[in-house]
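1. missing the sequence, but the structure's below:
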């Protein structure tokens, strides 16, 4: 296997299409197809299933991608770092954000990054903490802001503080008139929650179990935007960080209230523990810290320091 074949394979796997990979790599499709076939011949197995919708990884292809995607990124970063040593930072940086952070930070941070580092290609990936941790471990992501206990993740971590959780309800539900709501009362209402695989759900389930309350959850949503839209429709209450619904509250579409017994989650900045950090990643990391501090100062993001 040579690097060119692996890079072609990684790009086709990510985009699911030879034509899209051809545009991205600026290499003719027949040449890319030939590289894939040479790689399949060497490994003596098919890596893709070809169909009308594009290129779909086989089981062997998924295994190869998991083992080599981090290697391909590291070699690309070496090239970018050598070029950056002669001038401003350049190269791609992949930043992961949990949805409730992304809705606060993504747009403003992307604007700052474009203005300050025009040579850096920033890719923002929004997903839940478990997925972000997995991609960091596999080397497919450079840094992330996520929720979790920092000691359990086997990553380079820095605590940003603790994010409060508040009750969220539809317009006219009465939360806006309350100084706080009793957590026991809230847990007995119909709730709209993420599925059991997510940390926020585990936190809420634990609070209910402590009070021997059976949760009433008819609707689940693993998309943050779907979850808030279901609450807007009056289909249940949710528990979320107040910063994540700031716009909806300001527009009068949602109401919030603190809960009587504070619920918080640790918010951490994470990066891989066993890989060298690229020049571009260092620049983005420093800028990200500045932007988080600015959000705190402006009151856009109410993170309590640990």
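-> Cool, the structure landed. Because the structure is predicted, anything quoted here is derived from the model rather than measured.

2. and residue 59, how far is that from residue 47?
-> Distance of residue 59 to residue 47, given as C-beta to C-beta, to the nearest Å: 10 Å. For every residue, glycine as well, the C-beta is placed using N, CA and C.

3. more neighbours: these two, which one.
-> More neighbours surround residue 47 than the other of residue 59 and residue 47, with 22 against 10 (other C-beta atoms under 10 Å).

4. following the longest strand along the chain, which helix or strand comes up?
-> Criterion DSSP state E: the longest strand present in the chain is strand 254-271. Per DSSP states H and E, the first helix or strand lying C-terminal to strand 254-271 is helix 279-298.

5. correct me, but residue 66 touches residue 138?
-> Yes. The criterion here is C-beta atoms under 8 Å, and residue 66 meets it with residue 138 at 6.3 Å.

6. who has more neighbours, these two?
-> Neighbours per residue (other C-beta under 10 Å) separate residue 66 from residue 138, with residue 138 holding more: 16 against 12.

7. who's in contact with the spatially closest residue to that one that is not a sequence neighbour?
-> Sequence neighbours aside, residue 70 is the residue nearest to residue 138 in space, at 5.5 Å (criterion: C-beta to C-beta, 6 or more residues apart in numbering). Contact partners of residue 70, counting by C-beta atoms under 8 Å, 6 or more residues apart in numbering, are 138-140, 275.

8. please name the nearest non-neighbouring residue to residue 148.
-> residue 129 (5.4 Å).

9. ok, the one you found - how many residues close by?
-> With other C-beta under 10 Å as criterion, residue 129 counts 22.

10. how about the strands of this protein, start to end?
-> Using DSSP E, strands in the chain cover 48-51, 54-57, 91-97, 120-126, 143-147, 156-170, 190-193, 216-220, 238-240, 254-271, 303-304.

11. what's the closest of those strands to residue 279?
-> Nearest to residue 279 among those is strand 91-97 (7.4 Å), distances taken as C-beta to C-beta.
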